[in-house]
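Visitor: fold the following and give me the result.
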Amino acid sequence: MIEKYVIRGLVNGNDVYFVKFEDKIIFGTNFKVRVMSDTLSGATLFEDTMQAENICRELGNRFKIYPICPRCHKEYTSHPAISRKDNTTLICSDCGTQEAMFDFINYIKKAPNN
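Guide: Numbering: from 1, shown residues only. Predicted structure coming up:
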């Protein structure tokens, strides 16, 4: 699984996600316009943190990079867990807990009866 990231920030008190920069000509002058989405599903997903960091710097200090859990496809801010599926992929703590519980329940089912 490939790790992905989004850029989220505050604009006019609302959470928004970065989509892209777009060149617009207004009254004969070229402007670089920020296109944003109010939903995670509309956000640009980055596989490279360097690219996301460069854009984040350009957007200003109200924007931060957040990882996306490859299992549940939601952003997370807490400390990540390592997936039990491959022991390398970082996932959100909720999905880490679910994987651990699933393994625990399967272990209990397979344990011999006392």
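Visitor: residues touching the nearest residue to residue 99 once chain neighbours are set aside, list them.
Guide: Closest residue to residue 99 apart from its sequence neighbours, by Cβ to Cβ, 6 or more residues apart in numbering: residue 84 at 4.6 Å. From N, CA and C alone the C-beta is placed, and that goes for glycine too. Residue 84 sits next to 99-100, 103 when contact means Cβ atoms under 8 Å, 6 or more residues apart in numbering.
Visitor: which of these has the most neighbours?
Guide: residue 99 (17 neighbours; other Cβ atoms under 10 Å).
Visitor: what's across from residue 65 in the sheet?
Guide: residue 7 (DSSP bridges).
Visitor: any idea how far it is from residue 56?
Guide: 6 Å (Cβ to Cβ, to the nearest Å).
Visitor: do the same with residue 74
Guide: Taking Cβ to Cβ, one finds residue 74 at 20 Å from residue 56.
Visitor: which of the two has more neighbours?
Guide: residue 56 (21 against 13).
Visitor: so that one is in contact with residue 62, correct?
Guide: No: at 10.0 Å, residue 56 does not count as touching residue 62 under the criterion of Cβ atoms under 8 Å.
Visitor: mutual contacts of the two, please.
Guide: Joint contacts of residue 56 and residue 62 (Cβ under 8 Å, 6+ apart) do not exist.
Visitor: who touches stretch 85-94?
Guide: Outside stretch 85-94, the residues within contact range by Cβ under 8 Å, 6+ apart are 1, 3, 67, 69-72, 74, 76, 78-83, 99.
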